[in-house]
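S.K.: Here is the input, now give the coordinates:
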Amino acid sequence: MTSAVPPHSVPGTDAALGVSAGARSRSTVGRTLGAALLLGAVGSAVVLLASRQGWASGKAIVPGGTFPLTVKGSDVTGVPAALAIVGLAALVAVFAVRRSGRLLVSALLALSGAGTIAAALIGAADRAGLDGKAEEVAGGGIAGISDLSHTAWPYVAALGGLLILLAGLLALRYGSGWPAMSGRYERDGTPRPRKAPTVDPDRPEDIWKALDRGEDPTG
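M.R.: The predicted structure follows:
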């Protein structure tokens, strides 16, 4: 009487499953790593670009008439641009550290994105920057600001902050499996052994080089 062979005992099944799982793991690492790099870099660039654009405009009322005013995001608040630079530095540092250090840097990356969002949304309705610019231009002789309006650039900066935040969340979730910046070291930090050059006994120059390195070319 012939008995059925259990699925787990079929030759090659375990090896195939192992290869498949390893391939999926490498694919996940590649996708999440690429996504984090793209999100962090694009998000930082968007925030820096938006901070240089006009966020608010209006007309300063002075004795004898009015004159137009426009303030950039950097005039309203310098926080988004500063946090974008911090986030970009943290994104690079993620690959230079390991273990708990990588966790801390990933958290810094996420916090930079969250702070950028908050600062940009607060600046979207701010008029202090426009008032300060009017005072500076008019020398304190203004009666007020009319026709005050805000642009969409603060919300563009907030969108950039969201991209940085997503990069940080990806780093927190998957960063432990990402490769480090240097490929010369193993995970435990020990240098990988270098393969000794092959010495051809028929080439005198190879023999002399081996002797210079303190090796025995005959061994």
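
S.K.: mind showing which ranges of the protein have poor pLDDT?
M.R.: The chain contains residues with pLDDT under 70 at 1-26, 63-65, 134, 136-146, 181-219.

S.K.: how about the strands of it, start to end?
M.R.: Under the criterion DSSP state E, the chain contains strands at 54-62, 65-72, 144-150.

S.K.: For these, give me a markdown table that also has distance to residue 120 and mean neighbour count.
M.R.: C-beta coordinates here come from the backbone N, C-alpha and C atoms, glycine included. Formatted as a markdown table, the strands of the chain follow (distance: least, CB to CB, whole Å; neighbours: other CB atoms under 10 Å):
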| stretch | distance to residue 120 | mean neighbour count |
| --- | --- | --- |
| strand 54-62 | 9 | 20 |
| strand 65-72 | 13 | 15 |
| strand 144-150 | 12 | 14 |
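
S.K.: In JSON lines, list these along with distance to residue 37.
M.R.: Below are those laid out as JSON lines (distance: least, CB to CB, whole Å):
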{"stretch": "strand 54-62", "distance to residue 37": "29"}
{"stretch": "strand 65-72", "distance to residue 37": "29"}
{"stretch": "strand 144-150", "distance to residue 37": "32"}
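
S.K.: between these, which one is nearest to residue 176?
M.R.: If you check each of those against residue 176 by CB to CB, strand 54-62 wins as the nearest, at 38.9 Å.

S.K.: Contact partners for residue 161?
M.R.: Listed by CB atoms under 8 Å, 6 or more residues apart in numbering, the contact set of residue 161 reads 43, 47, 80, 83-84, 112-117, 119-120.
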